[in-house]
Each structure stands twice: as structure tokens, then as C-alpha cells.
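Asker: Sequence unavailable; structure follows:
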């Protein structure tokens with residue numbers, strides 16, 4: 001599996017709780033399932049490195 005940051009996910013205002021802003025510099029309009037999961041992982045890694053907020057949000061999304 002290629003886990004490279006192919007879409008250029010970046011962060012501004014990075015702190016211990018994660019980034020205040022997330023940027024996607026080279027977004028793809030269509031991705032394979034694996035590409036989408038890697039892209040999501042890059043976003044989560046920068047936005048919520050402890051995955052505390054992400055876990056709550058993911059549970060809510062899965063229950064809609």
C-alpha cells in the first residue's frame with residue numbers, strides 16, 4: 001500500500017491538539033477505495049492526531 005501524501009494534505013496552526021486549518025493542495029476528484037482511505041488518514045493525522053474527536057464524529061457518521 002502506498003501511503004504517500006499524494007494530494008498534498010497540509011496544515012496551518014498545528015498544535016498538540018491538531019491543526020486549526022487543513023489544506024488539500026492537489027485534490028483528486030475521483031479516488032479508489034484505498035486512495036480515499038489514505039487521503040482520510042492524512043487528514044485525520046493532521047486534524048486530530050489523538051483521534052479523540054475523529055472517533056466521535058466517525059461514530060455519528062456511521063449511524064446516519
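Answerer: Looks like it arrived, so ask away. From a predicted model like this one, the values you see are computed outputs, not experimental measurements.

Asker: Count residues in the vicinity of residue 17, would you?
Answerer: Each residue near residue 17 was counted by other CB atoms under 10 Å, and the total is 12. All C-beta atoms are positioned from the backbone trio N, CA, C, and that covers glycine.

Asker: quick one: it from residue 51, how far?
Answerer: Residue 17 sits 12 Å away from residue 51, going by CB to CB, to the nearest Å.

Asker: try residue 8
Answerer: Counting by CB to CB, the gap from residue 8 to residue 51 is 22 Å.

Asker: now do residue 63
Answerer: Between residue 63 and residue 51 the computed distance is 18 Å (CB to CB).

Asker: if you count what's nearby, which of the two comes out ahead?
Answerer: Set residue 63 next to residue 51 and count neighbours by other CB under 10 Å: residue 51 wins out with 13 against 6.

Asker: Spatially nearest residue to the more buried one (excluding sequence neighbours)?
Answerer: If the residues on either side of it in the chain are set aside, residue 51 comes closest to residue 44, at 6.6 Å by CB to CB, 6 or more residues apart in numbering.

Asker: what helix or strand does the one you found sit in?
Answerer: Remark: residue 44 resides in helix 33-47, with elements defined by DSSP states H and E.

Asker: Residues contacting stretch 51-64, please?
Answerer: Under the contact criterion CB atoms under 8 Å, 6 or more residues apart in numbering, stretch 51-64 has outside partners 18, 44, 47-48.

Asker: Max pairwise distance over the residues you listed: which two?
Answerer: Pairwise distances among the contacts of stretch 51-64 were taken by CB to CB; the largest, 8.8 Å, belongs to 18 and 44.

Asker: show me what contacts the residue positioned nearest the centre of the chain?
Answerer: Central residue check for the chain by CA atoms, centre = their mean: the C-alpha nearest the mean position is that of residue 43, 1.6 Å away. Each residue near residue 43 by CB under 8 Å, 6+ apart is listed here: 9, 22, 24.

Asker: 7 Å instead, please
Answerer: 9, 22 (CB atoms under 7 Å, 6 or more residues apart in numbering).

Asker: What is the burial count for the residue nearest to residue 51?
Answerer: With other CB under 10 Å as criterion, residue 44 counts 19.
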